[in-house]
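**Q** sequence-free structure coming up:
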């Protein structure tokens, strides 16, 4: 049994109402194999019940606990303390960037969700039975469905340098959702939606979104694929006119 303990100082961003963000430090003893979210919960339970943060599933399914940990976007429920600090020391926890802060570590993702609706981002994606990789029991009945890989955690938007400087950019999560919807439906109007100044053409190919995605959605690749499809459609139209 591992009884190792580290003395870690959590430097947490605090913000209430219209006040400017500030930091507050909490020093606690942790098992280094615990997760960052475990430490945040301990800070809340034993040091300051006014600390506001968001979590739900504790196993990287809901995407609720996305935060910046030592400057990098992470799902705190699956980020071991050992992986982000060494032999104790400090651990900085901030809310995601590029979203309005509601309180402390909680941000408002309402606009992101609204844009995902515009892009018809699917909540579930139907699965072709031939691609399941196993045989379906004929007694089960009905069609199989799976959750799409994106858990809507917002980490890709937070990491995106274009979202930081251009609020009108619809963002990597929305473009990735549009790509998924296009794969599912083939609806040509989705290409109209992404083929805009603040759509696929605003992306500068930094690939930061893919680097931080906890679900391996690879939004950067999806954006590049959408660009290729848009260009292909434009070329096709030129040939038709000719």
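**A** Structure received. Computed from a predicted model, the values in this text were never measured in an experiment.
**Q** So residue 25 lies in a strand, does it not?
**A** Yes - remark: residue 25 belongs to a strand, assigned using DSSP: H, G, I helix; E, B strand; the rest coil.
**Q** Which strand residues bridge it?
**A** Counting by DSSP bridges, residue 25 forms beta bridges with residue 11.
**Q** any idea how far residue 47 is from it?
**A** 10 Å (C-beta to C-beta, to the nearest Å). In short, each C-beta sits where N, CA and C put it, glycine included.
**Q** same thing with residue 183?
**A** From residue 183 over to residue 47 (counting by C-beta to C-beta), the distance is 47 Å.
**Q** more crowded one of residue 25 and residue 47?
**A** Set residue 25 next to residue 47 and count neighbours by other C-beta atoms under 10 Å: residue 47 wins out with 15 against 11.
**Q** what's that one in contact with, if anything?
**A** Going by C-beta atoms under 8 Å, 6 or more residues apart in numbering, residue 47 touches 26, 28.
**Q** the domain parsing of the protein - what is it?
**A** Domains of the chain are assigned by automatic domain parsing as 6-106, 109-241.
**Q** Ramachandran angles for residue 80?
**A** Backbone dihedrals for residue 80, given as degrees, to the nearest 10, come out at phi -60, psi 140.
**Q** And for residue 185?
**A** Torsion angles at residue 185 (phi, psi; degrees, to the nearest 10) stand at phi -110, psi -30.
**Q** do residue 7 as well
**A** According to degrees, to the nearest 10, residue 7 has phi -100, psi 110.
**Q** Flag whichever of the domains of the chain has the least confidence on average.
**A** Of all the domains of the chain, domain 109-241 carries the lowest average pLDDT, namely a mean of 83.
**Q** these two touch, right, residue 161 and residue 204?
**A** Yes - shown here, residue 161 and residue 204 form a contact pair, counting by C-beta atoms under 8 Å, at 7.1 Å.
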